[in-house]
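Novice: Predicted model and sequence below, questions to follow.
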Amino acid sequence: MTTEQKLEFLIDLIKKYAESEHGYDIHGDYFDYSDGGNYDDTFESGAVYGEISFARALLEKIGEPFIYPNKKN
């Protein structure tokens, strides 16, 4: 795999994460991860939020366009 192919692969993978929905995208600004009552689920939801936010920040920093999911609220 060439360096250019590797870079394209990584950008595509990061875009996949960035264009995913997290709890705030689905439930709005007042979403509380602890509402589920299960601490394992709360941790997992927070980890997903962090991964998606990080992917979006990376793409924004390098000027790579991506589509934000529509907020439902």
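Specialist: Done, it's in. Numbers count the residues shown, from 1 in each chain.
Novice: In three-state terms, label Met70 for me.
Specialist: One thing to correct before we go on: residue 70 is Asn, not Met. coil (DSSP: H, G, I helix; E, B strand; the rest coil).
Novice: Let me see the mean pLDDT of the host helix or strand of Ile26.
Specialist: Assigned by DSSP states H and E, Ile26 belongs to helix 23-27. Helix 23-27 shows an average pLDDT of 71 in the prediction.
Novice: what helices or strands is that helix leaning on?
Specialist: Applying 3 or more C-beta pairs under 8 Å, 6 or more residues apart in numbering; DSSP states H and E, one finds that helix 23-27 contacts helix 39-62. For the C-beta atoms, the positions are set from N, CA and C on the backbone; glycine is no exception.
Novice: Show residues contacting the helix it packs on.
Specialist: For helix 39-62, the surrounding residues in contact (C-beta atoms under 8 Å, 6 or more residues apart in numbering) are 11, 14-15, 17-18, 20-24, 33-34, 36, 65-66, 68.
Novice: Write the ChimeraX selection for whichever of these are buried.
Specialist: Applying 16 or more other C-beta atoms under 10 Å to these, the buried members can be selected in ChimeraX as follows:
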select :11,14,15,17,18,22,23,24,33,66
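Novice: and the least confident of the contacts of helix 39-62?
Specialist: pLDDT is lowest at Gly36 among those; the value there is 62.
Novice: and the most centrally placed residue in the chain, what pLDDT?
Specialist: The centroid of the chain falls nearest to Ile52 when counting by C-alpha atoms, centre = their mean (1.6 Å). Looking at Ile52, its pLDDT reads 91.
Novice: any idea how far it is from Gly46?
Specialist: To Gly46, Ile52 is 11 Å away according to C-beta to C-beta, to the nearest Å.
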